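Student: Provide a 3D model corresponding to the input given below.
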Amino acid sequence: MLSGKFAITLHILTLLSKFPDEYLSSEFLAGSMNLHPVLVRKEIANLKKNNIVESKEGKNGGTKLLIPAKDITLDTIFKLTFEKVTLGFSKKDPNPNCPVGKKINQNLQSLYDDINDKISNQLHGISLMDFEQKF
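Tutor: Have a look, this model is predicted:
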């Protein structure tokens, strides 16, 4: 299912890209989004786990990019926040004797696979630097 994780993560990375030589605090990042810093830290933890950012603690601590923005695609960011887009399946096993019920989930999966391929192809051609330059 879709959530705001991609938007939050992209917002964080865009700010870090704007200030590549600075460690930005989670409070600063959260203030830009009007979110609680805990939500920002959760996404930063995912970015750290995937070696996209580094963080340091303390008075002058914060987070900064480990990888140049030109080398990070929006597809990479998308895949860090979602395994894939799914708009849902039947919650119960559909009737196998129904011409629709017996194949609905299979056909939905095929549709979702196609959607994910299109999203990936679209986002793969856009770098974080390309996106950041819009601001």
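Student: Just to check, E27 is in contact with P37?
Tutor: Yes - shown here, E27 and P37 form a contact pair, counting by CB atoms under 8 Å, at 5.2 Å. To be clear about C-beta, it is placed using only N, CA and C from the backbone, and glycine gets the same treatment.
Student: quick one: which of those two has more around it?
Tutor: P37 (16 against 12; other CB atoms under 10 Å).
Student: Contact partners for the more buried one?
Tutor: 26-27, 29-30 (CB atoms under 8 Å, 6 or more residues apart in numbering).
Student: any idea of the pLDDT on it?
Tutor: Looking at P37, its pLDDT stands at 91.
Student: Let me see the backbone angles for it.
Tutor: phi -60, psi -30 (degrees, to the nearest 10).
Student: And it, how far from E43?
Tutor: 11 Å (CB to CB, to the nearest Å).
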